[in-house]
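Asker: everything below, folded, please.
(one chain, ligands or ions: 1)
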Amino acid sequence: MSLFNQVEEIKQKILHESEKISDEASLKSFQERFLSKKSELNGLMSHIKELAGEEKAKFGQSVNNARNAVQEAFQKKADEINQKILERKLEKEKIDISLPSMNYEVGGINPFYLVQDEIMDIFVSMGYEVKEGPDVESDEYNFQRMNIPESHPAREMQDSFYIDPRTLLRTHTSPEQAHAMDEKGGKPLMMICPGKCFRRDDDDVTHSHQFGQVEGLVVGPGISLANLKATLELFVRKMFGEKREVRFRGSYFPFTEPSVEVDISCMNCGGKGCSTCKGTGFIEILGAGMVHPNVLRMSGYDPDKVSGFAFGIGIERVAMLRYKIDDIRKFYQSDVRFIEQFKRR
Ligand code: FA5
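Answerer: The predicted structure is shown next:
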């Protein structure tokens, strides 16, 4: 038989073999037998030297063609088998969408944050800028820049947790007044700053050693106590509705002059007097006043040219009134029965 016929015969035999490939194992063994260097087709090439001239090239060509045909048949089978493997895998991993879903519980939002957001919305709608400040504060900003020098008796009422003798967990958000004025460099400003405060207070129904405040500050030419009163009345009305009774009481803060405290009729007894309001019928929600000239001066503002008002709202106290919560400690006890009542439905 001529070498050319042998090529054809081997090719037909291998193609016939390729028909039998049915899985990964037979595919592999076919590749080893018929497509490796030692395959029968490659072996035929050793006879090329027996041919002369043009015949050599023709023979090489026919072996190559046969090899290509075998490779093509192999590839076709490999594609078919890979497709089958993929189909089997997809079938196995199929998600049954008719199954009922897992019932994930969605938590509620602590009313502290609901109210903090509400307070911010009210002041942002009046044009206030929102600032942020550090929980860990320097003695300078927490006290001195707030007109509370060392050994001032007001420090007694705001004892805190100290990191070192000059650094403490801030006792109020008022140091943000000084930070905001530093930043504005003598220009008019209107800002609020929500944040956490810490005090060495004894915990009871209305006091916690950790609580939240929203500080507010407005500085500019001609700002008056009337502006402060109108702003806080508007805030109270937006927050609690028209019916809630509001009381402005003269007070004292070293960083404001004059100073006031704002009380709201108790949510629990409606003003008659109960244990929540300690029999007074009112709960204090914020402190406020006209920014003290010393504070303005220390922050680079001229008290003869500008004036300002400031306030510090107790977030839990507002939340207690808003949602009739009778004990401030509930905000911090992580009791799901409490939090669940504030789920957004
Ligand atoms: C201050 O902290 C002043 N920095 C507020 C202020 C700001 C006055 C700007 C003038 C100008 P006071 O200690 O009264 O003030 O606290 C303000 C509010 O924070 C209180 O009305 C109360 O709502 C809340 N608060 C204070 N101490 C506690 C506490 N231990 N637990 C819960 N809330 C508290």
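Asker: hmm, who's touching stretch 231-238?
Answerer: 119, 122-123, 126, 216, 218, 244, 246, 248, 262, 264, 286, 288, 309, 311, 313 (C-beta atoms under 8 Å, 6 or more residues apart in numbering). For the C-beta atoms, the positions are set from N, CA and C on the backbone; glycine is no exception.
Asker: of these, just the buried ones, ChimeraX syntax please.
Answerer: Selecting only the buried entries of the contacts of stretch 231-238 in ChimeraX, with 16 or more other C-beta atoms under 10 Å as the criterion:
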select :119,122,123,216,218,244,246,262,264,286,288,309,311,313
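Asker: ok, and of the contacts of stretch 231-238, which contact the ligand?
Answerer: Leu286, Ala288, Phe311 (C-beta under 6 Å from any ligand atom).
Asker: residues of this structure that sit close to the ligand?
Answerer: Taking C-beta under 6 Å from any ligand atom, the part of the chain that reaches the ligand is made up of 172, 174, 199, 201, 207-208, 211, 213, 253, 256, 259, 284-289, 310-312, 314, 316-317, 328.
Asker: please pick the buried ones from those residues.
Answerer: Buried members of the residues of the chain next to the ligand, scored by 16+ other C-beta under 10 Å, are 172, 174, 199, 201, 208, 211, 213, 253, 256, 259, 284-289, 310-312, 314, 316-317, 328.
Asker: just the pLDDT for the residue nearest to Ser174 when sequence neighbours are not counted.
Answerer: Spatial nearest neighbour of Ser174, excluding adjacent residues (C-beta to C-beta, 6 or more residues apart in numbering): Met146 at 5.3 Å. Among the per-residue scores, Met146 holds a pLDDT of 97.
Asker: same check on the one 3 residues further on?
Answerer: As predicted, Pro149 sits at a pLDDT of 93.
Asker: contact partners for it?
Answerer: By C-beta under 8 Å, 6+ apart, Pro149 lies in contact with Phe143.
Asker: for the residue of the chain found nearest the ligand, which residues are in contact?
Answerer: Residue nearest to the ligand within the chain: Gly314 (1.9 Å; C-beta to the nearest ligand atom). By C-beta under 8 Å, 6+ apart, the contact set of Gly314 is Phe211, Gly212, Gln213, Glu284, Ile285, Leu286.
Asker: tell me the SS of the fifth one?
Answerer: Each residue gets one of three states, and Ile285 gets strand by DSSP: H, G, I helix; E, B strand; the rest coil.
Asker: so it is in contact with Asp263, correct?
Answerer: Yes. Between Ile285 and Asp263 there is a contact under C-beta atoms under 8 Å: 6.9 Å.
Asker: domain assignment for this protein?
Answerer: 3-93, 111-342 (automatic domain parsing).
Asker: need those in JSON lines (columns: distance to Asn103).
Answerer: Output for the domains of the chain, formatted as JSON lines (distance: least, C-beta to C-beta, whole Å):
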{"stretch": "domain 3-93", "distance to Asn103": "24"}
{"stretch": "domain 111-342", "distance to Asn103": "15"}
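Asker: okay, these, which one's buried deepest?
Answerer: Comparing the domains of the chain by mean neighbour count (mean count of other C-beta atoms under 10 Å), domain 111-342 comes out on top with a mean of 18.
Asker: how far is it from where the chain is centred?
Answerer: Centroid separation for domain 111-342 versus its chain: 25 Å, with C-alpha atoms, centre = their mean, to the nearest Å.
Asker: what's the farthest-apart pair in the contacts of Gly314?
Answerer: Gly212 and Glu284 (14.9 Å; C-beta to C-beta).
Asker: which elements pack onto the helix or strand hosting Glu32?
Answerer: Using DSSP states H and E, Glu32 sits in helix 24-34. The elements that helix 24-34 packs onto, with contact taken as 3 or more C-beta pairs under 8 Å, 6 or more residues apart in numbering; DSSP states H and E, are helix 3-18, helix 53-92.
Asker: and Ala226, which of these is closest to it?
Answerer: helix 53-92 (73.9 Å).
Asker: and the next helix or strand past the closest one?
Answerer: Defined by DSSP H and E, the subsequent element after helix 53-92 is helix 111-125.
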